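K.L.:
Below are the sequence and a predicted model for it; my questions follow.
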Amino acid sequence: NYLLWVIANWLAVVVPVLQPGPSAHIAPITYLQKRLDDYDVIKVINYIRHEVAQGRDPVPALVAAAIGGSSSSGTAAPWSNDNFLTPVLENDPLLTYDYDEQQGPSSAGPSEDDTAAAMAALAAARVAVTAGPSSSSSCCSSHQVTQLVLQMQALLAENHELKLRVAALMDAALPPDVQEEMLSEAIVVPTRQPAAGGGAAAAGHPVDELASSSSSNQQVAADATEHASNSVSNVRMQHLAAAGAGGASATARHVDTLYFDSYSSFDIHHEMLSDKPRTQAYQQALTQNPSLLSGATVLDVGCGTGILSLFAATGGAAAVVGLDGNERIAGFAREVIAANGLDAASGGPVIIVSGKVEEVQDIGHKQVSVIVSEWMGYALLFESMLDSVLAARDRWLAPGGAVLPDKAAIHVAGADSRALGTAFWQNVYGFSMHPIANEVASLASRESKVLVRPVEQEALNTDTVQVHSMDLVSMTQYQQDFTAQFELTFNSSRSSSNACTSDVAALVLWFDVEFSERFCKECPVTLSTSPLSEVTHWAQAVLPLPQAVRLQHHGDKLACRLSMARSRSKHRTLDMSLEYGVSSSSSSGDAQAAPKQMAVYTMDVSGGDG
C-alpha cells in the first residue's frame, strides 16, 4: 500500500508538469484509472506487489514508464505481462477497493513520509538522467526533475504548516482529558528542528546545485525525508503517526496482561458456563458429530476451565490439547481434567498447555485435525481473539482439517430508545419516571458509548440486515475489518405499538456462528445472539445515534455506512464508525435524503467500551 501511494502521488505530481491540463487536479490513485484501463490498474498493483516480494524496488521502472509512456519508443510497460492479472496477495483490498469514491483533493492522502519517499524517487530519476548514455534517451530532463523537486519541497512545507494548524485546533477544541490521553499514548521521537523558513530553503540546496550534481539529488531526497519526519515533531502529530505502528510494544504486552488476567477470575467462567445457548451449542457440535470427532486430534484454543476439551474427549477424540494464555486458569484446567479421569496420567486423551498461541513452541502434536475455540467477543470482534485462532489454524491445522465454529456473521437492525435501557423507567411500580428515561437516552446519545445489554425484540423497528460474514477456514486476519453500506427499512409490524412513525435511536448489532454441515454432518448447530433468540452473556451491542432519526411511514429507509476494524494504535481495541441518513419517498414518488450524520465508537480492554 505504501509503495502504491508513493507511485500514485508521484504520478499526480509528475504528469501535470510534463503534460499540463485538467489531469493536474485528479486524485492520485484515481489518476491511475484515468491513465490506464481496468486491466492495467490490476497489473500495476500486482506488478508492485511482485517486485517488492522479490526484494526489488519497482519505482525506477515505473518512473520511466510513467514519463516515457507517451513516447514512440515501443518499449513495453513493466506490468504488460498478463501474468500480472493473477493476484500476488490473496484477497488484495487494493484490487477490490472502489476508487471512484475518491473525490479529488478532499480524499485522504498519504503521510509526509510517503511524500518524501516520492521525492526520493524523483532524485533517483535525476541520477538515472545524469548517468544515462545520452540526454536524448533520458526519461525526463534535468530541468523537469528540478521543477518536480521544488514542487515537492513546497508541498512538504505546506503540509508542515497544515499540521501545525491542526495541532492548534486540537489544543483549542479537544477537552483536556482527551489531550492528556493522546499525549500519554504518543511515541515521542527526538528530532532535529528543520531549517528556518521551511520549503525549498529548508532543504539547503540551491537549484543550480541540483542541476549540476547527482550527489546533491541524493542529499535533497535525504533532507526531504528528514524534513518530513521533523515536521511531525509536535507530539499530537506523533500520536497520529504512531497509530499505524505495530509489533509487540510494551503497551500491547500490558493490554495482553490485562486481557488474560481478566480470565483468571472464576466469575467470568461461571458466567460463560451458565450461558446455556453458548455452552450447549458447543456440546452438541463436539459430542453429536462422530464422523468428525472419532479418532480426531483436537486443539482447544483458549480452553479456560477445559469444558470444550472435556466435550471433545467425550465425543471420541483420540487426543485433545487445551491451550490457554493464563497460567493460573490453565493450572485449574489440568486439575479439572484429572478430576474427571481424562488426563494423560489416567490414560485419558487430554493435556493442557499454558501459553499464547503466538509464543508457545510445542503442543505435543505437529498437526491437529480439528481446532475448536469460543473466541467471540461483544459485537463478535471485540478483544481480537480471532487473531489467535487464525494463527493456530495456520500453524497446526492439517490440510482439510476443521475449524469449529466455521462460519460467523454480523447482523444489524434499528431500534427505538428502549434499546438504550429506558423501558424500566417508563413504569416503576405503576409510576412514570420518563424524565429519567429521557436523560438515560440523552446521555447515551451524547457519549456515543457502545452499550452491551439485552435488547427486547419489541424495541426493534426496522428489518434486519447481515453486514458481514466470515469463513474461518479460509479467511485472513485482515478480513475481520470491514465497511458495509446498507439500508434499514422501517417495519412497523416489529413494534408492539404498530405506529405509523418511529424514532430510530440506536443500531443493534448481534452475531451468529455456525458449526455447519461442512464438518458437522450429523448435527449442524447455529449459535445466535439475536434479540429474537434466548439471551446469551454476549447480549447485543447497541450503538446509540447522536441524534435519533424519525421514520415517517412503513418503507422509510435509514441509509448507513458502518465500519468496524481492529485499532491500529490500541491493542485488542475495536474501532467503529457509522454514517447515517434517512431516505424516504415523497407523495410524488421522488426520493428524499436527509443530511448524513456520523458517530465514532470504541471498545477497549482497559475501559470496556466507550
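P.N.:
Yes, it's here. Numbers count the residues shown, from 1 in each chain.

K.L.:
For residue 154, the count of nearby residues, please.
P.N.:
Neighbourhood size, residue 154 [other Cβ atoms under 10 Å]: 13. The C-beta positions use only the backbone N, C-alpha and C, and glycine is treated the same way.

K.L.:
which residues does the nearest residue to residue 90 once chain neighbours are set aside contact?
P.N.:
Spatial nearest neighbour of residue 90, excluding adjacent residues (Cβ to Cβ, 6 or more residues apart in numbering): residue 476 at 6.8 Å. Residues near residue 476 by Cβ atoms under 8 Å, 6 or more residues apart in numbering: 90-91, 390.

K.L.:
Inside helices: which ones of these?
P.N.:
Among those, the ones falling in helices (DSSP state H) are residue 390.

K.L.:
ChimeraX command to pick out the buried ones of the contacts of residue 476?
P.N.:
For the buried members of those, the matching ChimeraX selection, counting by 16 or more other Cβ atoms under 10 Å, is:
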select :390
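
K.L.:
could the contacts of residue 476 go into TSV alongside distance to residue 352?
P.N.:
Listed next are the contacts of residue 476 as TSV, based on distance: Cβ to Cβ, whole Å:
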residue	distance to residue 352
90	34
91	35
390	22
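
K.L.:
Out of the contacts of residue 476, flag the one nearest to residue 370.
P.N.:
Nearest to residue 370 out of the contacts of residue 476 is residue 390 (Cβ to Cβ; 15.2 Å).

K.L.:
Quick check: residue 366 touching residue 396?
P.N.:
Yes - at 7.5 Å, residue 366 and residue 396 qualify as touching, with contact defined as Cβ atoms under 8 Å.

K.L.:
Of the two, which one has the most company?
P.N.:
Using other Cβ under 10 Å, the more surrounded residue of residue 366 and residue 396 is residue 396, with 21 against 10.

K.L.:
Now do stretch 410-427, average pLDDT.
P.N.:
Stretch 410-427 comes out with an average pLDDT of 92.

K.L.:
what's the first-to-last distance across it?
P.N.:
33 Å (Cα to Cα, to the nearest Å).

K.L.:
ok, now stretch 353-360?
P.N.:
Stretch 353-360 end-to-end distance (Cα to Cα) = 9 Å.

K.L.:
how near is residue 389 to residue 512?
P.N.:
17 Å (Cβ to Cβ, to the nearest Å).

K.L.:
Look up how far residue 529 lies from the residue lying closest to residue 566 once chain neighbours are set aside.
P.N.:
In space, and not counting its chain neighbours, residue 566 is closest to residue 384: 5.4 Å by Cβ to Cβ, 6+ apart. According to Cβ to Cβ, residue 384 and residue 529 sit 18 Å apart.

K.L.:
Which one's more surrounded, these two?
P.N.:
residue 529 (27 against 20).

K.L.:
so what's the spatially closest residue to residue 354 that is not a sequence neighbour up against?
P.N.:
Nearest residue to residue 354 in three dimensions, chain neighbours excluded: residue 330, at 3.9 Å (Cβ to Cβ, 6+ apart). If a contact means Cβ under 8 Å, 6+ apart, then residue 330 has 303, 322, 324, 352-354 as its contacts.

K.L.:
ok, then the element right after the host helix or strand of residue 330?
P.N.:
Using DSSP states H and E, residue 330 falls within helix 327-339. Note on helix 327-339: by DSSP H and E, the next helix or strand toward the C-terminus is strand 350-354.

K.L.:
What angle do helix 327-339 and that next one make with each other?
P.N.:
170 degrees (axes from the mean of the first three to the mean of the last three Cα atoms, to 10 degrees).

K.L.:
so for strand 350-354, what's the average pLDDT?
P.N.:
The model assigns strand 350-354 a mean pLDDT of 96.

K.L.:
Repeat that for stretch 360-374.
P.N.:
Stretch 360-374 shows a mean pLDDT of 96.

K.L.:
what comes into contact with it?
P.N.:
In this structure, residues lying in contact with stretch 360-374 by Cβ under 8 Å, 6+ apart are 272, 278, 282, 285-286, 292-293, 296-302, 304, 308, 312, 317, 319, 321, 323, 351, 353, 385, 389, 392-393, 396-398, 401-404, 519.

K.L.:
What residues of that stretch count as buried?
P.N.:
363, 368-374.

K.L.:
And residue 467, how close does it get to residue 381?
P.N.:
12 Å.

K.L.:
Neighbour count for these two, which is higher?
P.N.:
Using other Cβ under 10 Å as the criterion, residue 467 and residue 381 rank with residue 381 on top: 27 against 19.

K.L.:
how close does the more buried one get to residue 473?
P.N.:
Going from residue 381 to residue 473 by Cβ to Cβ gives 18 Å.

K.L.:
Residue 373 now?
P.N.:
Taking Cβ to Cβ, one finds residue 373 at 13 Å from residue 473.

K.L.:
thinking again about what came up before, mind listing the shared neighbours of residue 366 and residue 396?
P.N.:
The contact sets of residue 366 and residue 396 do not overlap (Cβ under 8 Å, 6+ apart).

K.L.:
quick revisit: could you export the contacts of residue 330 as a markdown table, including distance to residue 462?
P.N.:
What follows is the contacts of residue 330, written out as a markdown table (distance: Cβ to Cβ, whole Å):
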| residue | distance to residue 462 |
| --- | --- |
| 303 | 39 |
| 322 | 42 |
| 324 | 40 |
| 352 | 46 |
| 353 | 46 |
| 354 | 46 |
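
K.L.:
Just name the closest of these to residue 567, please.
P.N.:
Residue 567 has its nearest neighbour among the contacts of residue 330 in residue 324, at 24.3 Å by Cβ to Cβ.

K.L.:
Verify the stated contact: that closest one with residue 302.
P.N.:
Yes - in this structure, residue 324 is within contact of residue 302 by Cβ under 8 Å, at 6.0 Å.

K.L.:
Please identify which of those two sits among more neighbours.
P.N.:
residue 324 (26 against 22).

K.L.:
number of nearby residues for residue 568?
P.N.:
14.

K.L.:
repeat for the one 5 residues further on
P.N.:
Neighbour count of residue 573, defined by other Cβ under 10 Å: 22.

K.L.:
Surely it and residue 564 touch.
P.N.:
No - if you go by Cβ under 8 Å, residue 573 and residue 564 don't touch, sitting 11.5 Å apart.

K.L.:
where does the stretch 101-250 of the chain dip in pLDDT?
P.N.:
Filtered on pLDDT under 70, the stretch 101-250 of the chain yields the residue ranges 101-153, 156, 160, 163-250.

K.L.:
Burial check on residue 456, number of neighbours?
P.N.:
Other residues near residue 456 come to 12 when the count uses other Cβ under 10 Å.

K.L.:
which SS class is the closest residue to it other than its chain neighbours?
P.N.:
Nearest in space to residue 456, with sequence neighbours left out and distances taken as Cβ to Cβ, 6+ apart, is residue 418 at 6.1 Å. With DSSP: H, G, I helix; E, B strand; the rest coil as the basis, residue 418 sits in helix.

K.L.:
Do I have it right that residue 418 meets residue 457?
P.N.:
No - judged on Cβ under 8 Å, residue 418 makes no contact with residue 457 at a distance of 10.3 Å.

K.L.:
For the two, indicate the residue with more neighbours.
P.N.:
The residue with more neighbours, out of residue 418 and residue 457, is residue 418; 22 against 15, by other Cβ under 10 Å.
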